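K.L.:
Mind looking at a prediction? Sequence and model below.
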Amino acid sequence: MSVLKARLKTRLAPHLHLRVPFKSGKYGSRWSNQDMDPIPPEQRTWGALDYWAYWCADMLAPPLISTVSSVMALGFTARETIPIFFFGFAICSVVITLTAKMGATYAVSFPVIVRSVFGMYGSIPAIAIRSFVVMIWTAILIVQASNYLQRCIEAIWPSFITFLNHLPESAGIDSAGLLCLFLYWFLQTGLALMKISKLRVLFWIKSIIVPPTFLALFIWAVTITKGGGPLIKGEMKLTSRYMNTAYSVLQGLNAVIGLFSSLATNMPDFGRFSKNRMADNYQLFALPIIGTLGALTPMFVTDAHSYLWGEFEWYMPNVIAKFDSRAAKFFVSANFLLATISNQIAAGTYPSSNDVSGMMPKYVNNFRATVFLSVFATAYTPWNIVRNASGLLAFLSGYSCLMGPLAGTMISDYYLVKKSKLDVDQLYTCARFSTLQSRCSLPCVNGMQTCRQPSKCKTFLQENFLA
């Protein structure tokens, strides 16, 4: 016990002071701490297989299932949905690869790179935009993961199904769900506080365990429906207030791209761990392949649910709850729990902690930011967003309008204006950066606004860059 107390004291001692220890920042300024500094060469250990494992962690998870349901709710069958997902992921993979190379080249994260685009102080609103989006996603994933944990407990102790509820219906969650949410909160907080270099093992474990679960569910659904029911073969379509037209195709693409628009800005956070500049190029193919194949499972499972129980059900915890086998209920729930927690850390907790640390590196490092994010995720009530597909579709479509222009501005500035050349030292020193900041910030801010009004693109380029 004394050894445990000593280790805990050593771990927490640096965080009992307001300021982050001065020596932790390489540049010794208010813009630097150990988490924001460039990654040393000996810590750049990610290869091509590591990025494939990362995409298994990111893709085979509840957000993909939710997006499938949102797209098919527009009125599409599986045959029409699969091409939408493939082309949506293909578009995303190009943008994600371009932003990942920024981090791989200079070994710095998104908050540092965005300083070169908007300036030292101008970068803070851009960082805050991504931080807010990722925080919301993290809170949503905590709710979904807690539901998988609830199914695991119900499989072990069936009496938990009748757990007495003390909350009103207006709360949007019952007592059992709230209890499981807090249990999962403790689990994910402990894992999220670990260094990302150690969590690479978690991504590998998921890439080995979770894909067979998706495959098993796919085979089960195909067997039950004898090759696919009406949802797959196109004999019947989901009813929706949307028309099944070209406009709906664009809405479907927007939902798919919206899901990964935040990852377009997240990738420098992981690209900086690359062994070389070529290792992260493989995700150009990983995203469309893993994403499209992974999207098949929720389509067939929902079709099988309709075949067995007469209704479409997209929310996987509700599907698992109807399994007769307690063993199947436990192992499927446990695998989806692993899928969710690795996705939450990879796409939510770690990028968001980088953002908060990047805005106030003198006072906040990744450890403190992770604690703040964990508290926010419980104080927020994200279960109200995941209650229906249309609400999630509105959220996906909404935040892509912010993240898409931000990623586009980063790519245009880095590749077209700066010709892939950055002075990393200037990104940590405000005084030396002031001249470049005044030249670059305003055109890039105007560029983000122009991305939302394409008709003004030609005028913007002529006024700011082509001249």
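P.N.:
Received, thanks.
K.L.:
Give me the below-cutoff pLDDT ranges for this structure.
P.N.:
In the prediction, the chain carries residues with pLDDT under 70 at positions 1-29, 234-246, 277-281, 385-400, 430-467.
K.L.:
what's the single longest helix in it?
P.N.:
helix 123-156 (DSSP state H).
K.L.:
Give me the contact list for whatever helix or strand comes next after it.
P.N.:
The first helix or strand that comes after helix 123-156 along the chain, using DSSP states H and E, is helix 175-192. Residues from elsewhere that reach helix 175-192, judged by CB atoms under 8 Å, 6 or more residues apart in numbering: 142-143, 145-147, 149-150, 153, 160, 163-167, 173, 199, 202, 337, 341, 344-345, 349-350, 353, 370-371, 373-374, 377-378, 383. To be clear about C-beta, it is placed using only N, CA and C from the backbone, and glycine gets the same treatment.
K.L.:
quick revisit: quick one: buried residues of the longest helix of the chain?
P.N.:
The neighbour-count check on helix 123-156 (16 or more other CB atoms under 10 Å) flags 123-124, 126-127, 129-131, 133-155 as buried.
K.L.:
Check the offset of it from the chain's centre.
P.N.:
Per CA atoms, centre = their mean, to the nearest Å, the displacement of helix 123-156 from the mean C-alpha position of its chain is 9 Å.
K.L.:
Ok, stretch 214-229 next?
P.N.:
Using CA atoms, centre = their mean, the mean C-alpha position of stretch 214-229 is found 28 Å from that of the whole chain.
K.L.:
Could you check it and say which residues are buried?
P.N.:
Neighbour-count burial for stretch 214-229 flags 214, 217-218, 220-222, 225, 228-229 (criterion: 16+ other CB under 10 Å).
K.L.:
could you flag which of the contacts of helix 175-192 are buried?
P.N.:
Among those, those classed as buried by neighbour count (16+ other CB under 10 Å) are 142-143, 145-147, 149-150, 153, 160, 163, 173, 199, 202, 337, 341, 344-345, 349-350, 353, 370-371, 373-374, 377, 383.
K.L.:
next SSE after the one helix or strand Asp58 maps to?
P.N.:
Following DSSP H and E, the helix or strand that holds Asp58 is helix 48-59. If you walk from helix 48-59 toward the C-terminus, the next helix or strand you reach (DSSP H and E) is helix 62-72.
K.L.:
That next one: which residues count as buried?
P.N.:
For helix 62-72, the neighbour count (16+ other CB under 10 Å) marks 62-72 as buried.
K.L.:
packing partners for the helix or strand just after that helix?
P.N.:
Counting by DSSP H and E, the next helix or strand C-terminal to helix 62-72 is helix 78-106. When contacts are defined as 3 or more CB pairs under 8 Å, 6 or more residues apart in numbering; DSSP states H and E, helix 78-106 sits against helix 62-72, helix 110-118, helix 230-233, helix 246-271, helix 283-309, helix 389-411.
K.L.:
Nearest to Asp423, out of those?
P.N.:
Between Asp423 and these, the shortest gap by CB to CB is with helix 110-118, which sits at 8.5 Å.
K.L.:
just to revisit the earlier point, nearest to Lys195 among the helices and strands packed on helix 78-106 would be which one?
P.N.:
Ranking the helices and strands packed on helix 78-106 by distance to Lys195, with CB to CB as the measure, places helix 246-271 first at 13.1 Å.
K.L.:
and the angle from the closest one to helix 110-118?
P.N.:
Helix 246-271 runs at 110 degrees relative to helix 110-118, counting by axes from the mean of the first three to the mean of the last three CA atoms, to 10 degrees.
K.L.:
residues of helix 246-271 that come out buried?
P.N.:
Of the residues in helix 246-271, those buried by neighbour count under the rule 16+ other CB under 10 Å are 248-249, 251-271.
K.L.:
again with stretch 345-359
P.N.:
Of the residues in stretch 345-359, those with enough neighbours to count as buried (16+ other CB under 10 Å) are 345-359.
K.L.:
what does stretch 181-197 give?
P.N.:
Across stretch 181-197, burial judged by 16+ other CB under 10 Å covers 181, 184-185, 188-189, 192, 196.
K.L.:
which one of those is nearest Tyr51?
P.N.:
When the buried residues of stretch 181-197 are compared for distance to Tyr51 (CB to CB), Ile196 wins out at 13.6 Å.
K.L.:
Next up, the contacts around that closest one.
P.N.:
By CB under 8 Å, 6+ apart, the contact set of Ile196 is 270, 273, 350.
K.L.:
Equivalent analysis for Ile153, please.
P.N.:
With contacts taken as CB under 8 Å, 6+ apart, Ile153 has the following neighbours: 160, 180.
K.L.:
Against Lys362, how distant is it?
P.N.:
In this view, Ile153 and Lys362 are 43 Å apart by CB to CB, to the nearest Å.
K.L.:
Run a quick neighbour tally on Phe118.
P.N.:
Using other CB atoms under 10 Å, Phe118 has 25 neighbouring residues.
K.L.:
Was I right to think it contacts Ala126?
P.N.:
Yes: at 5.4 Å, Phe118 counts as touching Ala126 under the criterion of CB atoms under 8 Å.
K.L.:
about what we covered before: turn the helices and strands packed on helix 78-106 into a markdown table, including distance to Tyr54.
P.N.:
Formatted as a markdown table, the entries for these read as follows, by distance: least, CB to CB, whole Å:
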| stretch | distance to Tyr54 |
| --- | --- |
| helix 62-72 | 15 |
| helix 110-118 | 16 |
| helix 230-233 | 30 |
| helix 246-271 | 6 |
| helix 283-309 | 8 |
| helix 389-411 | 18 |
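K.L.:
who wins for proximity to Leu422 among these?
P.N.:
Ranking the helices and strands packed on helix 78-106 by distance to Leu422, with CB to CB as the measure, places helix 110-118 first at 5.4 Å.
K.L.:
Report the angle between the closest one and helix 123-156.
P.N.:
Computed with the same axes, to 10 degrees, the direction of helix 110-118 lies at 150 degrees from that of helix 123-156.
K.L.:
buried ones in helix 110-118?
P.N.:
By neighbour count on 16+ other CB under 10 Å, the buried set for helix 110-118 is 110-118.
K.L.:
nearest to Thr429, of these?
P.N.:
Of all these, the one with the least separation from Thr429 (CB to CB) is Arg115, at 10.4 Å.
K.L.:
That closest one touches Thr429, doesn't it?
P.N.:
No: Arg115 is beyond contact range of Thr429, at 10.4 Å (criterion: CB under 8 Å).
K.L.:
what is in contact with those two at once?
P.N.:
Trp31.
K.L.:
Please tell me how far Met410 sits from Tyr148.
P.N.:
With distances taken as CB to CB, Met410 is found 35 Å from Tyr148.
K.L.:
Next: Ser66.
P.N.:
Plainly put, Ser66 is 14 Å away from Tyr148 if you go by CB to CB.
K.L.:
Same check on Ala53?
P.N.:
Relative to Tyr148, Ala53 is positioned 21 Å away (criterion: CB to CB).
K.L.:
What is the three-state secondary structure of the most centrally placed residue in the chain?
P.N.:
The structure's the chain has its C-alpha centroid closest to Ala347; by CA atoms, centre = their mean the separation is 3.0 Å. Using DSSP: H, G, I helix; E, B strand; the rest coil as the criterion, the local structure at Ala347 reads helix.
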